[in-house]
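Enquirer: Please work out how this folds:
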Amino acid sequence: MTSKVSYLGNLRTSCTHLASNTVIITDAPVDNHGKGEAFSPTDLVATSLASCVMTIMGIYCQEHKIDFIFCEASVLKIMASSPRRIEKVRIEMDLSGNNWEEKTKSKVIAAGKACPVAKTLDGNVELEFIFK
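Expert: As a prediction, this is how the structure comes out:
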């Protein structure tokens, strides 16, 4: 098992990662009957994409002995209705400070964009990446 999820009431859940006992609380968003006081489940999907891209870029850099000093991402999740679902995830990723040549940067980005979360969402959710 990967995790345990418990309903806390009032559209809130507690999600425990079993290997580490790390806990994430989720809350329904304000546009869907919730208080929006924590990540919503769909927020986590969108945020997981950015985290996965960074992780795979880090692995690529480790394997190729490339310094990976800095990366920050801003994530925008756009919802659709009928049915309610994630329509688009836009990630603006700042890679400044890594001092990569253009060829290296392209390879690192390509590795990241092929991450497991991106592969899972591909074809179901529009994915937009902007790299700075």
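Enquirer: tell me the secondary structure for G34?
Expert: State at G34, reduced to three classes by DSSP: H, G, I helix; E, B strand; the rest coil: coil.
Enquirer: what's around it, how many residues?
Expert: A count of nearby residues for G34, using other CB atoms under 10 Å, gives 16. Just so you know, the C-beta spots here come from the backbone N, C-alpha and C atoms, and that holds for glycine as well.
Enquirer: likewise S106?
Expert: By other CB under 10 Å, neighbour count at S106 equals 12.
Enquirer: secondary structure element for it?
Expert: According to DSSP states H and E, S106 maps onto helix 102-113.
Enquirer: Which is the succeeding secondary structure element to that helix?
Expert: Downstream of helix 102-113 (by DSSP H and E), the next one is helix 116-121.
Enquirer: Give the other helices and strands that that next one contacts.
Expert: With contacts defined as 3 or more CB pairs under 8 Å, 6 or more residues apart in numbering; DSSP states H and E, helix 116-121 has these neighbours: helix 41-63.
Enquirer: now the angle from the helix it packs on to helix 102-113?
Expert: On the basis of axes from the mean of the first three to the mean of the last three CA atoms, to 10 degrees, helix 41-63 is oriented at 140 degrees to helix 102-113.
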